[in-house]
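Q: what's the 3D shape of this:
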Amino acid sequence: MTTTPAIYVDADACPVKDETFRVAARYGLHVYVVANSPLNLPREPWIQRVVVGDGLDAADDWIAERAGPASIVVTADVPLASRCVKAGASVIAPNGKPFSESSVGMALATRNLMQDLREAGVITGGPRPFTRQDRSAFLGALDRAVNRLRRGR
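A: All right, here's what the predicted structure looks like:
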């Protein structure tokens, strides 16, 4: 677990990496971009590419082992969000919705229900498309989370 403020990005399907980099540069934060395969990233000393193995939850495990009260985690993965919230991290989905102790339980239940409905063939579509409004909401949520960290929560 890190005690230095940092941002961890669950990066394989993250649509807001560039926005994360902009905010991190503004505040001088280190960013760990965690993925199962190499990604093309800006070459900056404060951006660290972390390529984990092909294991099912390898990226999640790497992030969860390091996330703590001085961390911001960017993920759409609800089980990972739950683990990080329990560790005291600030967790934000790419659409700007923060995960909290009070919201992550409902998010897990909803995720599990939707997965069961998809497996049963009741629901065949995926999530709605990512929008400019989602991107804007994410930027605002990330900025607020960084400022909370800087104020010591």
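
Q: what ranges do the helices span in this structure?
A: 17-27, 58-66, 78-86, 101-119, 132-150 (DSSP state H).

Q: The first one packs against which elements?
A: Using 3 or more CB pairs under 8 Å, 6 or more residues apart in numbering; DSSP states H and E as the contact criterion, the secondary-structure elements in contact with helix 17-27 are strand 6-10, strand 30-35, helix 132-150. C-beta coordinates here come from the backbone N, C-alpha and C atoms, glycine included.

Q: Let me know whether residue 60 touches residue 10 as I believe.
A: Yes. If you go by CB atoms under 8 Å, residue 60 and residue 10 touch, sitting 7.0 Å apart.

Q: now the chain, which segments are flagged as low pLDDT?
A: 1-3, 104-114, 116-118, 123-127, 153 (pLDDT under 70).

Q: Enumerate every residue touching the most centrally placed residue in the chain.
A: The C-alpha lying nearest the average C-alpha coordinate of the chain belongs to residue 74 (CA atoms, centre = their mean; 1.7 Å). Under the criterion of CB atoms under 8 Å, 6 or more residues apart in numbering, the neighbours of residue 74 are 7-10, 14, 16, 20, 91-94, 142.

Q: at 7 Å instead, please
A: 7, 9-10, 14, 16, 20, 92, 94 (CB atoms under 7 Å, 6 or more residues apart in numbering).
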